[in-house]
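J.: A structural model of the following input is requested.
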Amino acid sequence: MRIERHWWNGDSARRSRRDVFVRTDGQLWQVEAQMGGADGRSRVQECPSRASALILANAWLGGRPGWREVAP
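T.: Residues are numbered from 1 along each chain as shown. This next block holds a predicted model:
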């Protein structure tokens with residue numbers, strides 16, 4: 001799967017870093033919320049479409065200020 005969109009909270013400290021990814025293989029879509037960097041905990045949710053994946057990602061971002069989009 002390739003990363004379609006990626007946001008992070010801008011905090012590089014491992015314990016407080018948060019990331020949200022939208023990934024696709026062209027047919028399947030998934031959203032991952034990651035806490036604590038690459039070695040931390042994560043939750044992955046499959047989605048039926050790009051639109052639903054972006055809706056879920058925005059919900060997981062929670063409208064919190066400071067989130068930055070990272071170029072894929």
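J.: ok, which stretches of this structure are helices?
T.: For the chain, helices defined by DSSP state H occupy the ranges 50-61.
J.: center of it - which residue?
T.: With distances taken as Cα atoms, centre = their mean, V20 lies nearest the centre of the chain, 1.6 Å away.
J.: quick one: contacts for that residue?
T.: Contacts for V20 (Cβ atoms under 8 Å, 6 or more residues apart in numbering) come out as 6-8, 31-34, 57, 60-61, 67. Placement of C-beta: from N, CA and C, glycine included.
J.: How about L54?
T.: Counted by Cβ under 8 Å, 6+ apart, L54 has contacts 5, 22.
J.: quick one: low-confidence parts of the protein?
T.: 64, 72 (pLDDT under 70).
J.: which stretches of it form strands?
T.: Here the chain has its strands, by DSSP state E, at 2-8, 18-24, 29-35, 41-47, 68-70.
J.: Next one: R5 from R14, what distance?
T.: As for R5, its distance to R14 is 23 Å (criterion: Cβ to Cβ, to the nearest Å).
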